[in-house]
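Colleague: Sequence plus the predicted model coming up.
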Amino acid sequence: MTAIISIRNLTKTYASGFRALDDIDLEIRRGEIFALLGPNGSGKTTLISIVCGIVNATSGSVTVDGHDIVEDFREARARIGLVPQELSTDAFESVWATVRFSRGLYGKSPDPAHLEKVLRDLSLWDKRDSKIMALSGGMKRRVLIAKALAHEPRILFLDEPTAGVDVELRHDMWALVRALREDGVTIILTTHYIEEAEEMADRIGVIHQGRLVVVEDKVALMRKLGKKQLALTLKEPLPAIPSSLAALPLELSDDGTTLVYTFDVQQGERTGIASLLRQLAEHGIDFKDLNSSESSLEDIFVSLVRGERQGAAA
Ligand SMILES: Nc1ncnc2c1ncn2[C@@H]1O[C@H](COP(=O)(O)OP(=O)(O)OP(=O)(O)O)[C@@H](O)[C@H]1O
């Protein structure tokens, strides 16, 4: 699959001397949903702002659909819609006027039918004549998206699209993002909600302290780094794990009724479990129920960030 955005050796040092991005290499594939995941202050907004031409890079290069974002700024920018975290202006404008103006900014000829579709898709059509300041927070969010889509961009950046929104709006946003992807729009979203990345993304990049720690297919990432747990509900509570089983990755719950076995998916899980069950039988440990669970992206994220910290400290 061809890249629609190519980021090479991108570094950003702010005037304060703070290095917000450190040698980022990233290719965004045409038509994918890419989630950029990272804690507060890790550099997500800085990265988006550079690609969108709001912040200048210190070094490195970015092309958008083959157009260099510095030398060919207008062409590059015209392909991008940006949904920022907050609505900064337009309080006194009507929804319709503000969306029409956004389209005009990119030199696109007026297209009321397109704007009507955008507003209808976002359940804003009834509010088209309302002033922005009279809208609820959730509706303002929708206006941000409508503005970003007004000029029919092929790439949409969403900077923390669901931070602070209610569950209903979050699900609406997800549905909208999926519909846009169906239309061939490439979506890059930043989030610190792991659930969101897990739900939406085809690929995930984890950024931490300005460095891309990992970029992976979501499913592969979860398979590769995921651990599984097997919880055995014991017939009789166990006072302690027998010392001959101490070498196994086992944990006993405080009340002694549940034994949890954690294993790496990659490493011959079946033989491990077979041998565990055999050893338990040898010790006369009987169980009445058995459940397995997979680690979530959250576990993976935490372990990556922790590993990165330890790596930095070493
Ligand atoms: N104009 C600036 N001058 C100096 N430092 C800045 C500037 N803008 C951002 N930073 C710093 O760069 C780092 C990355 O900020 P950025 O906004 O890109 O993070 P983020 O991952 O988007 O965070 P959040 O999840 O909180 O939005 C932060 O430490 C921030 O304080």
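Modeller: Yes, it's here.
Colleague: Going by C-alpha atoms from here, please, whenever you check contacts or count neighbours.
Modeller: Will do.
Colleague: In which helix or strand does the nearest residue to Trp125 once chain neighbours are set aside reside?
Modeller: Nearest residue to Trp125, sequence neighbours excluded (C-alpha to C-alpha, 6 or more residues apart in numbering): Leu119, at 4.9 Å. Using DSSP states H and E, Leu119 sits within helix 112-121.
Colleague: circling back: wait, what's in contact with the residue nearest to Trp125?
Modeller: The contact partners of Leu119, by C-alpha atoms under 8 Å, 6 or more residues apart in numbering, come to Trp125, Arg128, Ala146.
Colleague: all strands for the chain, in order.
Modeller: Along the chain, the segments classed as strands by DSSP state E run 3-13, 19-29, 33-37, 59-64, 67-68, 80-83, 155-159, 186-191, 203-208, 211-217, 227-234, 250-252, 258-264, 287-294.
Colleague: How far does the third one sit from its chain's centre?
Modeller: In terms of C-alpha atoms, centre = their mean, to the nearest Å, the centre of strand 33-37 is set 4 Å apart from its chain centre.
Colleague: Run through who's touching that strand.
Modeller: Outside strand 33-37, the residues within contact range by C-alpha under 8 Å, 6+ apart are 28, 44, 181, 186-194, 197, 200-207.
Colleague: Recalculate using a threshold of 7 Å.
Modeller: 44, 186-192, 197, 201-207 (C-alpha atoms under 7 Å, 6 or more residues apart in numbering).
Colleague: of the residues you listed, closest to the ligand?
Modeller: Within these, the smallest distance to the ligand is 3.8 Å, found for Lys44 (C-alpha to the nearest ligand atom).
Colleague: confidence score at the closest one?
Modeller: pLDDT, Lys44: 92.
Colleague: Quick one: neighbours of it, just the number.
Modeller: Using other C-alpha atoms under 10 Å, Lys44 is surrounded by 26 other residues.
Colleague: what is the closest residue in space to it that isn't next to it in sequence paired to in the beta sheet?
Modeller: Spatial nearest neighbour of Lys44, excluding adjacent residues (C-alpha to C-alpha, 6+ apart): Thr190 at 6.5 Å. Judged by DSSP bridges, the bridge partners of Thr190 are Leu36, Asp159.
Colleague: show me the residues around Thr190 that make contact.
Modeller: Residues near Thr190 by C-alpha under 7 Å, 6+ apart: Ala35, Leu36, Leu37, Lys44, Leu158, Asp159, Glu160.
Colleague: try 8 Å this time
Modeller: Counting by C-alpha under 8 Å, 6+ apart, Thr190 has contacts Ala35, Leu36, Leu37, Gly38, Lys44, Thr45, Leu158, Asp159, Glu160, Pro161.
Colleague: now those: which count as buried?
Modeller: If you count burial by 16 or more other C-alpha atoms under 10 Å, the buried members of the contacts of Thr190 come out as Ala35, Leu36, Leu37, Gly38, Lys44, Thr45, Leu158, Asp159, Glu160, Pro161.
Colleague: between those residues, which is nearest Val70?
Modeller: Of all the buried ones among the contacts of Thr190, Thr45 has the smallest distance to Val70: 18.3 Å, by C-alpha to C-alpha.
Colleague: Make CSV out of the contacts of Leu119 and add distance to the ligand, pLDDT and neighbour count.
Modeller: CSV is the format used below for the contacts of Leu119 (distance: C-alpha to the nearest ligand atom, whole Å; pLDDT from 0 to 100; neighbours: other C-alpha atoms under 10 Å):
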residue, distance to the ligand, pLDDT, neighbour count
Trp125, 30, 96, 17
Arg128, 30, 96, 19
Ala146, 21, 94, 29
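Colleague: Quick check: of those, which lies closest to Ile54?
Modeller: Ala146 (19.6 Å).
Colleague: What is the burial count for the nearest residue to His67 once chain neighbours are set aside?
Modeller: In space, His67 comes closest to Ala76 once its chain neighbours are excluded; the distance is 5.3 Å by C-alpha to C-alpha, 6+ apart. Neighbour count of Ala76, defined by other C-alpha under 10 Å: 22.
Colleague: my guess is Ala76 meets Val62, correct?
Modeller: No: in this structure, Ala76 is not within contact of Val62 by C-alpha atoms under 8 Å, at 9.6 Å.
Colleague: who touches both of these two?
Modeller: Common contact partners of Ala76 and Val62 (C-alpha under 8 Å, 6+ apart): Asp68, Ile69.
Colleague: Can you list which of the contacts of Leu119 are found in helices?
Modeller: Residues of the contacts of Leu119 located in helices (DSSP state H): Ala146.
Colleague: Output the contacts of Leu119 in CSV, with distance to Lys235 appended to each entry.
Modeller: Shown next, in CSV, are these (distance: C-alpha to C-alpha, whole Å):
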residue, distance to Lys235
Trp125, 61
Arg128, 64
Ala146, 58
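Colleague: ok, of the contacts of Leu119, which one's closest to Ile50?
Modeller: Ile50 lies nearest to Ala146 out of the contacts of Leu119, by C-alpha to C-alpha, at 21.8 Å.
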